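In: Requesting a structural model of the entry that follows:
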Amino acid sequence: MLEEIKLQGDLSRISVAQIFHALSISKATGIFQWSSGTIEKKVYIRQGRIVFAASNRISERLGEVLFRQGRIRAADFIQASKQITEKKRLGQILIEMGALSKEEIKAGVITQVREIIDSLFNESQGEYIFLEQEQLPKEVITLEINTPELIIAGVQRISDWSLILQTLTGIDTILEPSANAEQKRIAVPLSEEEKKILQRVDGERSIADICAVVNGNDFETCRTLMAFLCANLIRKISDTEIAVVEEKKSSRFFEKTIHCYNRLFSYTYRYLGDKVGKLGDKNLSHYLEEIKGDYPVLFKGIFLLPDGTLAAEVLKENFEQLGEAGRNEKLLSGLKALLAAELAATRESLGTTEEAFVISRLKEIMEGMKKEHAQ
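Out: Have a look, this model is predicted:
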């Protein structure tokens, strides 16, 4: 929020990207000024959108940008530069000379603005101030610039890791799509890799989780997430919201875990039943009763259903009776112990060769489920 960002200060504790993000979501209007030594840059913002930028750095002046890109000839550049006055800008002179059209000048100015913004995103020193205004000066050229696209492109050129980490506030930060994220995304052209990263932002994964799932260059993944954040495509979840997310995560953990183990239990039960009939059912039930002694709360009232699975509803009630600290680990431990007991029953009834075959099939089932979850 705008009120969380100081409107004047230095860039030692905040990045330009963070400031633009705050100005964007607060729909502020005014002039952002940055200076370091004799260099000064200004960015004009209307309702949170960047509409113009200017710099007194020679290499970022319009003439230099046009000449560097090959849009004007050397002779025209030199001649036009001599005619510049306080009332007559270079662009107007080039149009009058016939060197460039009005549309070509406009395209050149947009390129100039992009270069100025790009350079600002990499600044980690200097003083800044944001001057709020009801209206921008009349002489300011208002350009139709896709601000989120401009911000994403600018952030993607950042090479300073400290700026990225500072903006993200750590890799444990949980991110979620912002309001109207899909509508905003349509207006911003993204690469396939950027789309892949954005799809992983779901309100539950932390930045570290997203990096692990994407399995690419973590620096580039974090920089892309910073770009999305500053372009207001995603947002950070507050501490209060994180508590809710953790609760949802616990619930999802239970659902995924019991779904996985019930498939393993079901296969083992069917296999043993096909081989030895009711004896297999008796052996498995016997081992379950033994396991209950080690996990009295978790397996209270639990018995094998006709397909060899456990009643998820009863198990979940027991799961929620466990203390929050470590209950996920207790659930896993209990289910693993039961599966190990069922494999022991298979070995006792059919021998080690059959047990090895069942283990190999269970591994295949687990690999298949991993692929399902990854999609």
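
In: only C-alpha atoms for contact and neighbour calcs from this point on.
Out: OK.

In: Cross-check the contact I'm expecting between Leu338 and Ile291.
Out: Yes - taking C-alpha atoms under 8 Å as the definition, Leu338 is a contact partner of Ile291 at 6.5 Å.

In: could I have stretch 96-113 exported to PDB, CA atoms only?
Out: These are the backbone C-alpha positions of stretch 96-113, laid out as PDB (Å, rounded to 0.1, in the frame of the first residue of the first chain):
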ATOM      1  CA  GLU A  96       9.700  19.800 -39.500                       C
ATOM      2  CA  MET A  97      13.000  18.700 -41.200                       C
ATOM      3  CA  GLY A  98      11.200  15.700 -42.600                       C
ATOM      4  CA  ALA A  99      13.700  13.300 -40.900                       C
ATOM      5  CA  LEU A 100      11.000  11.500 -39.000                       C
ATOM      6  CA  SER A 101       7.200  11.300 -38.900                       C
ATOM      7  CA  LYS A 102       5.100  12.100 -35.900                       C
ATOM      8  CA  GLU A 103       4.400   8.400 -35.300                       C
ATOM      9  CA  GLU A 104       8.200   7.600 -35.500                       C
ATOM     10  CA  ILE A 105       8.900  10.200 -32.900                       C
ATOM     11  CA  LYS A 106       6.300   8.800 -30.600                       C
ATOM     12  CA  ALA A 107       7.800   5.300 -31.000                       C
ATOM     13  CA  GLY A 108      11.200   6.700 -30.200                       C
ATOM     14  CA  VAL A 109       9.900   8.500 -27.100                       C
ATOM     15  CA  ILE A 110       8.300   5.200 -25.800                       C
ATOM     16  CA  THR A 111      11.700   3.500 -26.300                       C
ATOM     17  CA  GLN A 112      13.400   6.400 -24.400                       C
ATOM     18  CA  VAL A 113      10.900   6.000 -21.500                       C
END
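
In: Off-centre distance for it?
Out: Going by C-alpha atoms, centre = their mean, to the nearest Å, the spacing between the C-alpha centre of stretch 96-113 and its chain's C-alpha centre is 37 Å.

In: hmm, back to that, between Leu338 and Ile291, who's got more neighbours?
Out: Shown here are Leu338 and Ile291; by other C-alpha atoms under 10 Å, Leu338 has more neighbours (21 against 17).

In: Report the mean confidence score over the helix or strand hosting that one.
Out: Taking DSSP states H and E as the definition, one finds Leu338 inside helix 327-350. For helix 327-350, mean pLDDT is 85.

In: before we move on, what about stretch 141-159?
Out: On average, stretch 141-159 scores 83.

In: For Ile110, list the residues it contacts.
Out: When the contact criterion is C-alpha atoms under 8 Å, 6 or more residues apart in numbering, the partners of Ile110 are Leu143, Ile145.

In: which element follows the helix or strand hosting it toward the C-terminus?
Out: Element membership of Ile110 [criterion: DSSP H and E] is helix 102-121. With elements assigned by DSSP H and E, the helix or strand that comes after helix 102-121 is strand 127-132.

In: Following the chain onward from that following strand, which element is next?
Out: helix 147-155.
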